[in-house]
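Student: Predicted model follows, preceded by the sequence.
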Amino acid sequence: MTVTIFGFRGCPWCDKVKRLLDARGVEYETRDIELDETAREECEKISGDLAVPVTTIDGKNYVVGFDKKKIDELLASA
Amino acid sequence: MSIYDFTVKTNRGVEKSLADYKGKVLLIVNTASKCGFTPQFEELQALYKTYKDKGLEILGFPCNQFAAQDPGSNDEIQQFCKFNYGVTFQIFEKGDVRGETAQPLFKYLTAQKKFEGFDMHHPIGQKLLEALQTNFPEYLEGDGIKWNFTKFLIDREGNVVARFEPTTTPASIATDIEKLL
C-alpha cells in the first residue's frame, strides 16, 4: 500500500498529517502542488479542489485536511 | 518621505523599490497565510484582473502575526491550507506589519491613514471586534494594523488616499479605485 500526501511547503496541516503517519508507522510519499504542476493537476482531479493536505491511497478515496479519524479510517480500509 | 522611498523584497527574495510603481494606482494589502478562510484573496485577484490594464497594481504583504487565529472560526478551525495559485498580483516576502517589529512601509502607511473603526455591517465586523477585545485588546489601541487584509489605496502621485479595514471587501472598493485610474 502506498499512501500519498499532496501538500506544499509551509502548510502546517500537511506536516501534521505526515507526523500522524510517522506515528502510525505508515510509509508515504509526498507531492508538492506548489512546485510540481503534475502533482497540482492530480490533486485537483482527486478532490476537485486545491485545499491540502489531501491524503489518498488509491486516488479515489481521499481525506482533505488534518482529520485524524478519517485518516485512520482510510488507512484501515486499505 | 514618500511611498516611493521604500524598498521591499519580493517573495523570491528580489529587492524591489516602490519607485518602480510611480504613475500606477496601488493597493497595498497585508495578506493572510494560505491557511484558513481567505476569500479576500479571490476578490483581490478579481480587482486586479479588471483594472491592471488601466494602471492598478496590487501589492500583497503576507504576515503571520494574525495567522493563528481566524475570527469567526473559533469552534470550527479549518484544518487545511488552500493553494492560491490563481493569484497573479505581486506578493512580497513575509514580514511583520504591526508593533515595533513592523516593516517600515507599514509604519509609514498607518501613520498616514489612521484607524477609523470597523464596518459593523460586514458579517465579520462584530466577531472581529469581539475576538480582538477578548484576545488582543492591545491591537485595538492606536492606528496599527488590526488584522489581515487591511488595504491602503495610493494614487498615481504616491499619496496614500484611503485605508480600508478587513471589514471592507475588495469588491466594494472598486469605485474608489476607478476614481483614481
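Tutor: That came through, no problem. Numbering: from 1, shown residues only, chains lettered A, B, ... in the order given.

Student: what's the pLDDT at residue 27?
Tutor: In the absence of a named chain, this looks at chain A. Looking at residue A:27, its pLDDT is 96.

Student: Actually, chain B is the one I wanted.
Tutor: On pLDDT, residue B:27 comes in at 98.

Student: In terms of secondary structure, what does the helix or strand of chain B with the lowest mean pLDDT contact?
Tutor: Least confident helix or strand of chain B, by mean pLDDT, DSSP states H and E, is strand B:81-82 with a mean of 78. Packing partners of strand B:81-82 (3 or more C-beta pairs under 8 Å, 6 or more residues apart in numbering or on different chains; DSSP states H and E): helix A:12-24, strand A:51-52. From N, CA and C alone the C-beta is placed, and that goes for glycine too.

Student: List the neighbouring strands of the shortest one plus their orientation.
Tutor: This means strand A:51-52. strand B:81-82 (antiparallel) (DSSP bridges).

Student: On the C-terminal side of the partner strand, identify the next helix or strand.
Tutor: The helix or strand immediately downstream of strand B:81-82 is strand B:90-91, counting by DSSP states H and E.

Student: outside of that following strand, which residues touch it?
Tutor: Strand B:90-91 has contacts (C-beta atoms under 8 Å, 6 or more residues apart in numbering or on different chains) with B:10, B:11, B:16, B:31, B:57, B:58, B:59, B:60, B:61, B:62.

Student: Name the helix or strand for the residue nearest to the spatial centre of chain B, please.
Tutor: Chain B has residue B:29 as the residue nearest its centroid, 2.2 Å off, counting by C-alpha atoms, centre = their mean. Taking DSSP H and E as the criterion, residue B:29 maps to strand B:25-31.

Student: So which of the contacts of strand B:90-91 are in helices?
Tutor: Among the contacts of strand B:90-91, no member falls in helices (DSSP state H).

Student: Can you add pLDDT and neighbour count and give those back as TSV?
Tutor: Shown next, in TSV, are those (pLDDT from 0 to 100; neighbours: other C-beta atoms under 10 Å in any protein chain shown):
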residue	pLDDT	neighbour count
B:10	89	13
B:11	80	13
B:16	96	17
B:31	87	25
B:57	98	18
B:58	97	24
B:59	97	22
B:60	93	23
B:61	93	23
B:62	86	20
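
Student: quick one: which of these is nearest to residue B:49?
Tutor: Using C-beta to C-beta, residue B:58 comes nearest to residue B:49 of the contacts of strand B:90-91, at 10.2 Å.

Student: any idea of the pLDDT on residue 6?
Tutor: All of this is about chain A. 97.

Student: my bad, chain B
Tutor: pLDDT for residue B:6: 98.

Student: Could you report the neighbour count for it?
Tutor: 17 (other C-beta atoms under 10 Å in any protein chain shown).

Student: Dihedrals phi and psi, it?
Tutor: phi -90, psi 140 (degrees, to the nearest 10).

Student: same thing with residue A:32?
Tutor: phi -100, psi 110.

Student: Could you check how many residues crowd around it?
Tutor: 17.

Student: how near is the nearest residue to it once chain neighbours are set aside to residue A:14?
Tutor: Computed as C-beta to C-beta, 6 or more residues apart in numbering or on different chains, the closest residue to residue A:32 that is not its neighbour in sequence is residue A:8, at 5.5 Å. As defined by C-beta to C-beta, to the nearest Å, residue A:8 lies at a distance of 7 Å from residue A:14.

Student: can you check residue B:115 too?
Tutor: When distance is defined by C-beta to C-beta, residue B:115 is 35 Å away from residue A:14.

Student: Can you see whether the lengthiest helix in chain B contacts chain A, counting any residue in it?
Tutor: Ranked by residue count, the top helix of chain B under DSSP H comes out as helix B:39-51. No - using C-beta under 8 Å from any C-beta of the partner chain, helix B:39-51 stays clear of chain A, coming no nearer than 12.1 Å.
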